[in-house]
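J.: can't give you the sequence, but here's the structure:
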């Protein structure tokens, strides 16, 4: 058993994906804590609430709603609420994929990053969906395969990995073809759009959103895996240094006094 486990998300305390994540956690432990945002925090990335107070409300035994970001939730859980540091952090299950360009936007992944910053193995779990399943996101896929995926990654990593981004494909649970260890992909189209609207006082306002378009990702990427009914497991690191660019710059600019 892995004990205790912290479960959080960015879709909010009442999100169905959080219930799926909690069910996954209870397959791994009998000591599960849920600390999640009071309201949806999608796209919050790794933001902190530094200029406003954070409100905390108990919603049950070992269950708390936080008026703050996913990162706030992890910090409050580990630094204030839990009597001991968790042995595992599960963030999700997010409503929709968190792959390719999504990674740095995602509050789901940010919560897992914060767990890893506390040196806790952390998993960001996301459930893909399509046009036909967007009204009834198939969280049963994540729930059916989540615990086994986490166990497999922890066993295979042997402590080498601390941060894992997992995406479950949009298909029936028994149609999943297996797992694939992947790298972060790159979409060949930019889906982010700005839509202008007008309110009742004739003032403009704007919605940011995504337009779904076909991609043609290469093998080995998270995009390719989920399109081919594979569970994508991408090990991540918090170090964003571009090593290839650094070597080129050093050749031309040198290392200074290093």
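T.: All right, it came through fine. None of the values given here were measured: they were computed from a predicted structure. Numbers count the residues shown, from 1 in each chain.
J.: Regarding residue 216, what is its secondary structure?
T.: Using DSSP: H, G, I helix; E, B strand; the rest coil, the secondary structure recorded for residue 216 is coil.
J.: burial count for it?
T.: 10 (other C-beta atoms under 10 Å). The way it works is simple: take the backbone N, C-alpha and C, and place the C-beta from them, glycine included.
J.: ok, now residue 5?
T.: Residue 5 - counted by other C-beta under 10 Å - has 25 other residues nearby.
J.: what's the answer for the one 3 residues further on, then?
T.: The number of residues packed around residue 8, counting by other C-beta under 10 Å, is 32.
J.: for residue 181, same thing?
T.: So residue 181, with other C-beta under 10 Å, has 16 neighbours.
J.: Residue 153 now?
T.: Counted with other C-beta under 10 Å, residue 153 comes out at 18.
J.: Show me what counts as buried in whatever helix or strand it lives in.
T.: If you go by DSSP states H and E, residue 153 is part of helix 139-157. Residues of helix 139-157 classed as buried by neighbour count (16 or more other C-beta atoms under 10 Å): 139, 141-147, 149-150, 153-154.
J.: how about those residues in JSON lines, adding distance to residue 15?
T.: Formatted as JSON lines, the buried residues of helix 139-157 follow (distance: C-beta to C-beta, whole Å):
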{"residue": "139", "distance to residue 15": "10"}
{"residue": "141", "distance to residue 15": "16"}
{"residue": "142", "distance to residue 15": "13"}
{"residue": "143", "distance to residue 15": "14"}
{"residue": "144", "distance to residue 15": "18"}
{"residue": "145", "distance to residue 15": "19"}
{"residue": "146", "distance to residue 15": "15"}
{"residue": "147", "distance to residue 15": "19"}
{"residue": "149", "distance to residue 15": "20"}
{"residue": "150", "distance to residue 15": "19"}
{"residue": "153", "distance to residue 15": "23"}
{"residue": "154", "distance to residue 15": "25"}
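J.: Can you pick out the most distant pair from these?
T.: Distance extremes for these: the farthest pair is 139 and 154 at 21.9 Å, using C-beta to C-beta.
J.: All the strands of the stretch 101-250 of the chain, in order from the start?
T.: Using DSSP state E, counting those that start in this stretch, the strands found in the stretch 101-250 of the chain span residues 122-127, 163-168, 178-181, 192-198, 204-210, 230-235.
J.: For those, state which one has the densest average packing.
T.: Of the strands of the stretch 101-250 of the chain, the one with the most neighbours on average (mean count of other C-beta atoms under 10 Å) is strand 122-127, at a mean of 29.
J.: okay, now residue 187: neighbour count?
T.: Neighbours of residue 187 using other C-beta under 10 Å come to 17.
J.: mind showing which ranges of the chain have poor pLDDT?
T.: For the chain, the stretches with pLDDT under 70 are 159-160, 190, 212, 256-258.
J.: Tell me which of the strands of the stretch 101-250 of the chain sits nearest to residue 8.
T.: Closest to residue 8 of those, according to C-beta to C-beta: strand 122-127, at 9.8 Å.
J.: List the pairing partners of that closest one within its sheet, with orientation.
T.: strand 88-95 (parallel), strand 163-168 (parallel) (DSSP bridges).
J.: got a list of contacts for stretch 225-242?
T.: With C-beta atoms under 8 Å, 6 or more residues apart in numbering as the contact definition, stretch 225-242 has outside contacts at 97, 99, 103, 109, 113, 116-117, 128, 145, 149, 153, 157, 161, 163-171, 175-184, 215, 217, 222.
J.: can you put the strands of the stretch 101-250 of the chain in TSV and add distance to residue 74?
T.: Formatted as TSV, the strands of the stretch 101-250 of the chain follow (distance: least, C-beta to C-beta, whole Å):
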stretch	distance to residue 74
strand 122-127	9
strand 163-168	13
strand 178-181	25
strand 192-198	27
strand 204-210	25
strand 230-235	19
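J.: And the ones you listed: which comes nearest residue 85?
T.: That would be strand 122-127 among the strands of the stretch 101-250 of the chain, by C-beta to C-beta, at 12.0 Å.
J.: can you give me the angle the closest one makes with strand 230-235?
T.: When axes from the mean of the first three to the mean of the last three C-alpha atoms, to 10 degrees is applied, the directions of strand 122-127 and strand 230-235 differ by 150 degrees.
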